[in-house]
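S.K.: any chance you can model this:
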Amino acid sequence: LDLGLAYVALRDQLNAMASGWELAPRGQVGPNRLLVRLGERHTSQSAGHVDIEVVLDESDLASPRLWDCLAGFGATPQDQADSVAYLWSQTTASAFLELKLSGRGAFAAHFRGVDRGGIPGWHVIAGALLPGALLIGGGLQRTTLFIQRGPGSSEHTDYHPLMGFAEAAYRF
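M.R.: The predicted structure is shown next:
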């Protein structure tokens, strides 16, 4: 994937969702110190593959880094970059924007442990559900952040990637 094209396409998609995204040497910098970087963490046979790193607070060196990956599609490098930016903005990005910018359901749905469909002890932020024929071999992709407050802890963070989906576990 042409990262230059992908960064521009991603900036445009993210700005359509929440203004304030700028391309900087360190990556895509957004509102509330959210940082998104594109790169290659692992190899793939797909020409449109990219690994996406999300840093929840770029000003905090201890801020966890969460990784996602996606393969864009299309006949040209621009098509691949545009499809990566669109798909990622509509799935994973929506959950992170909800966590960092809204908290009110503007970008993704919330399910608390006591809610119908909730998981006891967890606060779930769930992004869009997309048919995944192009994403994960015909399955479904749902981007979900699992948030749990530990006993006596208001800001303890511990992140764990969940296998098989573009999901991340977020524990407080």
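S.K.: now do the strands in this structure.
M.R.: 22-24, 27-29, 35-39, 49-55, 65-71, 109-112, 123-132, 139-148, 158-162, 167-171 (DSSP state E).
S.K.: give me the most central residue, this protein.
M.R.: The centroid of the chain falls nearest to Thr92 when counting by Cα atoms, centre = their mean (3.2 Å).
S.K.: does that one touch Trp67 like I think?
M.R.: No: counting by Cβ atoms under 8 Å, Thr92 does not reach Trp67; the two are 10.3 Å apart. All C-beta atoms are positioned from the backbone trio N, CA, C, and that covers glycine.
S.K.: any chance you could list residues touching both of those two?
M.R.: Residues touching both Thr92 and Trp67 by Cβ atoms under 8 Å, 6 or more residues apart in numbering: Ile52, Val54.
S.K.: show me what counts as buried in stretch 92-103.
M.R.: Thr92, Ala93, Ser94, Ala95, Phe96, Leu97, Glu98, Leu99, Lys100, Leu101 (16 or more other Cβ atoms under 10 Å).
S.K.: distance of the second one relative to Asp68?
M.R.: With distances taken as Cβ to Cβ, to the nearest Å, Ala93 is found 9 Å from Asp68.
S.K.: quick one: end-to-end distance for stretch 58-68.
M.R.: 17 Å (Cα to Cα, to the nearest Å).
S.K.: roughly how far out does it sit from the chain middle?
M.R.: Centroid separation for stretch 58-68 versus its chain: 13 Å, with Cα atoms, centre = their mean, to the nearest Å.
S.K.: ok, stretch 14-32 next?
M.R.: Averaging C-alpha positions (Cα atoms, centre = their mean) puts stretch 14-32 13 Å from its chain's average.
S.K.: what does it contact?
M.R.: 7-8, 10-11, 35-38, 53, 55, 58, 89, 93-94, 97, 100-101, 107.
S.K.: nearest residue to Ser63 in space, please, no chain neighbours.
M.R.: Asp57 (4.2 Å; Cβ to Cβ, 6 or more residues apart in numbering).
S.K.: what residues are up against that neighbour?
M.R.: Counting by Cβ under 8 Å, 6+ apart, the residues that Asp57 touches are Arg33, Leu34, Ser63.
S.K.: what's the separation between the first one and Gln80?
M.R.: As judged by Cβ to Cβ, Arg33 and Gln80 stand 29 Å apart.
S.K.: compare these two (neighbour count), which wins?
M.R.: Between Arg33 and Gln80, counted using other Cβ atoms under 10 Å, Gln80 has the larger neighbour count: 24 against 14.
S.K.: quick one, what contacts that one?
M.R.: Contacts for Gln80 (Cβ under 8 Å, 6+ apart) come out as Leu1, Asp2, Leu5, Ala6, Ala47, Gly48, Gly72, Phe73, Gly74.
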